[in-house]
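1. predicted model and sequence below, questions to follow.
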Amino acid sequence: MHSEEETKKFILPVENELRFEGDLGNYISVTLTEGRAELFGTELAKNKEYILQGVKAGVFTWHGCKLEVKGKLAMSYTSDTTPMLEYINTHMALEKMREQSKVSNLPGPRVVVVGGEDVGKTTLCRILLNYAVRRFYKPLFIDLDVSLNDVGLPGTIGSLLMERPVDIEAGVPFLRFPIVSPLLFHFGRLSPLENLVLYKHLLTRLSQSVQKRCEADQDIRSSGFVVNTCSWVDGTVQEVLLHAIECFHADIVCVLDNERLYQTLKQKYSKEKSIVRLSKSGGTVSRSAAYRQSLRDLRVKKYFYGFNNHLYPNSTVLKFSDFKLYKIGVPPIPLSCLPIGEKIESCETKLSSLKFSEDLTHVLLSVCNSDGDSEEHPVIDTSILGFLYVTAVDMARKHVTVLSPAPGPIPKNILLLSNFKVNLE
């Protein structure tokens, strides 16, 4: 343990990894001074100082390197035991599939990464995507993890076209007005278990959009996609995992560190799909609920303020009367309250109109790309343009103050409520 800020120098032999951890409130700088190295598949430039905020990460080298690390570290050590050889072999197999798809005009590899909590699913996705991009492919990154989403913000699922490696400091590009790069759908909760019907509906909707994009672009189709999933293993959530594998027509499922899940999927899909079991990195660590909450807050803060606070969000006052506030999913009506003979309708995907109240303070709102709910164009099937953060609600004057990532009017007047609060202080 390091009790104060310091500078440390490391010499990494071939195929070794430097692992380090820092608190979310502290910054760590990493500089490659000699050789070659990468962070989650993104190459480090020599003599460039990378500023990272409170990460748990590992810098790997195939050729050997020297590194300089500054900052308050909770832990740092080198290791020669890594799963990178497995990961690079997986990448090479996907590379062959992409080459064949170019010739045959068939879809490229459709990869779904599954496993338990804190086994490195997001890390594996980044490595596979970065390696593909470095080979000049354009894969789609699909993130179904509503708790800690890398494509959008917590409470969403979405897809993003990867045309360059993930930025080491900023991470995956965040959606900001007026540039709409990711395709996002609003779930508004932090676990699929809170509304399984809605979650499965959105997975189907997203898969349809991904399929259309692949059909429209040969480069994207041959590059394929990589899907990151929530931590699903047993019970009801495993059914949702199977739904994700099937609706995205996955041909490769990478199972991280779970023999039981691997055997379950292999028995079910042995003749249809390639089920690959991969080891998790020894550097993966369990994250507490409090740490995950702080990480979600940090991701939202990055969206509005940038990864190093270089952006300035716009504080805007909105009139209640100019906007429509909705929540997707309402409690079911008790059977005793229905007329005799009537059936209970599904309420999980129903749109419920809400009134503005002081309870909205510190809540995240999604700006829906819709002009109104209809049977032809329902709000729940519509993508998100961006996000607003509620800082104050004035019931007397009937207006709400929000942070917006860009100046100017809000492009649409339909707002979708998230059921969790965020602390940006």
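-> In hand now; what should we look at? Numbering: from 1, shown residues only.
2. report the mean per-residue pLDDT for stretch 55-72.
-> Average pLDDT, stretch 55-72: 93.
3. quick one: end-to-end distance for it.
-> Using C-alpha to C-alpha, to the nearest Å, one end of stretch 55-72 lies 11 Å from the other.
4. pull out the buried positions in it.
-> For stretch 55-72, the buried set under the neighbour-count rule, 16 or more other C-beta atoms under 10 Å, comprises 55-61, 65-72. Where C-beta positions appear, they are placed from N, C-alpha and C, glycine not excepted.
5. out of the residues you listed, who's nearest Ser366?
-> Nearest to Ser366 among those is Val55, at 27.0 Å by C-beta to C-beta.
6. any idea how far that closest one lies from Thr123?
-> Separation of Val55 from Thr123 (C-beta to C-beta, to the nearest Å): 11 Å.
7. ok, Glu239 next?
-> 26 Å.
8. which one of those two is surrounded by more residues?
-> Between Glu239 and Thr123, Thr123 has the larger neighbour count (other C-beta atoms under 10 Å), namely 24 against 11.
9. go ahead and confirm that one touches Phe40.
-> Yes - between Thr123 and Phe40 there is a contact at 5.7 Å, judged by C-beta atoms under 8 Å.
10. sketch out the low-pLDDT regions of the protein for me.
-> Scanning the chain for pLDDT under 70 picks out 1-5, 173-180, 233-234, 236, 331-346.
11. tell me where it has helices.
-> Ranges of helices within the chain are 84-104, 121-134, 196-216, 218-223, 235-247, 259-269, 289-305, based on DSSP state H.
12. quick one: closest of those to Ser374.
-> Taking these one by one with C-beta to C-beta, helix 196-216 is closest: 15.8 Å.
13. and the closest one, what's buried?
-> Residues of helix 196-216 classed as buried: 196, 198-203, 205-207, 210, 213-214 (neighbour count, 16+ other C-beta under 10 Å).
14. swap in stretch 266-276?
-> Applying 16+ other C-beta under 10 Å to stretch 266-276 flags 266, 269, 273-276 as buried.
15. got it, and stretch 282-299?
-> 283-284, 292-299.
16. got the CA positions of that stretch in CSV?
-> Taking Å, rounded to 0.1, in the frame of the first residue of the first chain, the C-alpha atoms of stretch 282-299 are listed here in CSV:
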residue,chain,number,x,y,z
GLY,A,282,-5.6,-12.4,-12.1
GLY,A,283,-5.9,-8.6,-11.8
THR,A,284,-9.7,-8.5,-11.7
VAL,A,285,-11.0,-7.4,-8.3
SER,A,286,-14.5,-7.4,-6.8
ARG,A,287,-16.2,-4.0,-6.6
SER,A,288,-18.5,-3.1,-3.7
ALA,A,289,-21.9,-1.6,-4.2
ALA,A,290,-20.6,1.7,-2.9
TYR,A,291,-17.7,1.7,-5.4
ARG,A,292,-20.1,0.9,-8.3
GLN,A,293,-22.3,3.8,-7.3
SER,A,294,-19.3,6.1,-7.3
LEU,A,295,-18.3,4.8,-10.7
ARG,A,296,-21.8,5.5,-12.1
ASP,A,297,-21.6,9.0,-10.7
LEU,A,298,-18.2,9.5,-12.3
ARG,A,299,-19.5,8.3,-15.7
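17. quick one on the thing from earlier: let's have the buried residues of helix 196-216 in JSON lines, adding distance to Val226.
-> Below are those laid out as JSON lines (distance: C-beta to C-beta, whole Å):
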{"residue": "Leu196", "distance to Val226": "24"}
{"residue": "Leu198", "distance to Val226": "24"}
{"residue": "Tyr199", "distance to Val226": "20"}
{"residue": "Lys200", "distance to Val226": "21"}
{"residue": "His201", "distance to Val226": "22"}
{"residue": "Leu202", "distance to Val226": "19"}
{"residue": "Leu203", "distance to Val226": "16"}
{"residue": "Arg205", "distance to Val226": "19"}
{"residue": "Leu206", "distance to Val226": "14"}
{"residue": "Ser207", "distance to Val226": "14"}
{"residue": "Val210", "distance to Val226": "11"}
{"residue": "Arg213", "distance to Val226": "15"}
{"residue": "Cys214", "distance to Val226": "13"}
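18. neighbours of Asn89, just the number please.
-> Asn89, neighbours per other C-beta under 10 Å, totals 12.
19. so how far is Thr284 from it?
-> From Asn89 to Thr284 the distance is 20 Å (C-beta to C-beta).
20. hang on, the earlier thing: sitting in strands, which of the buried residues of stretch 55-72 do you find?
-> Among the buried residues of stretch 55-72, the ones falling in strands (DSSP state E) are 56-61, 65-71.
21. tell me which two in the residues you listed are the farthest apart.
-> Lys56 and Lys66 (22.1 Å).
22. could you measure from Ile380 over to Lys96?
-> 39 Å.
23. my bad, Ala290
-> Ala290 sits 44 Å away from Lys96, going by C-beta to C-beta.
24. in the protein, where's the longest strand?
-> Secondary structure assigned by DSSP E gives strand 384-394 as the longest strand of the chain.
25. give me the neighbour count for the residue nearest to Pro411 when sequence neighbours are not counted.
-> Of all residues not flanking Pro411 in the chain, Leu385 sits nearest, at 5.8 Å (C-beta to C-beta, 6 or more residues apart in numbering). Using other C-beta under 10 Å, the number of residues around Leu385 comes to 19.
26. kindly report the same for Arg36.
-> 13.
27. return the set of buried residues in stretch 213-230.
-> Residues 213-214, 220-230 are the ones in stretch 213-230 that count as buried (16+ other C-beta under 10 Å).
28. put the alpha carbons of it into PDB.
-> Output of stretch 213-230 as PDB, limited to C-alpha atoms (Å, rounded to 0.1, in the frame of the first residue of the first chain):
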ATOM      1  CA  ARG A 213     -27.100  -1.300 -40.000                       C
ATOM      2  CA  CYS A 214     -25.100  -4.400 -40.900                       C
ATOM      3  CA  GLU A 215     -27.200  -5.000 -44.000                       C
ATOM      4  CA  ALA A 216     -26.700  -1.400 -45.200                       C
ATOM      5  CA  ASP A 217     -22.900  -1.300 -44.900                       C
ATOM      6  CA  GLN A 218     -20.600  -4.000 -46.100                       C
ATOM      7  CA  ASP A 219     -17.600  -2.900 -44.000                       C
ATOM      8  CA  ILE A 220     -19.700  -3.100 -40.800                       C
ATOM      9  CA  ARG A 221     -21.200  -6.400 -41.800                       C
ATOM     10  CA  SER A 222     -17.900  -8.000 -42.400                       C
ATOM     11  CA  SER A 223     -16.400  -6.500 -39.200                       C
ATOM     12  CA  GLY A 224     -19.200  -8.000 -37.100                       C
ATOM     13  CA  PHE A 225     -19.900  -6.900 -33.500                       C
ATOM     14  CA  VAL A 226     -19.000  -7.600 -29.900                       C
ATOM     15  CA  VAL A 227     -21.700  -7.700 -27.200                       C
ATOM     16  CA  ASN A 228     -21.100  -6.900 -23.600                       C
ATOM     17  CA  THR A 229     -23.700  -8.300 -21.200                       C
ATOM     18  CA  CYS A 230     -24.700  -7.900 -17.600                       C
END
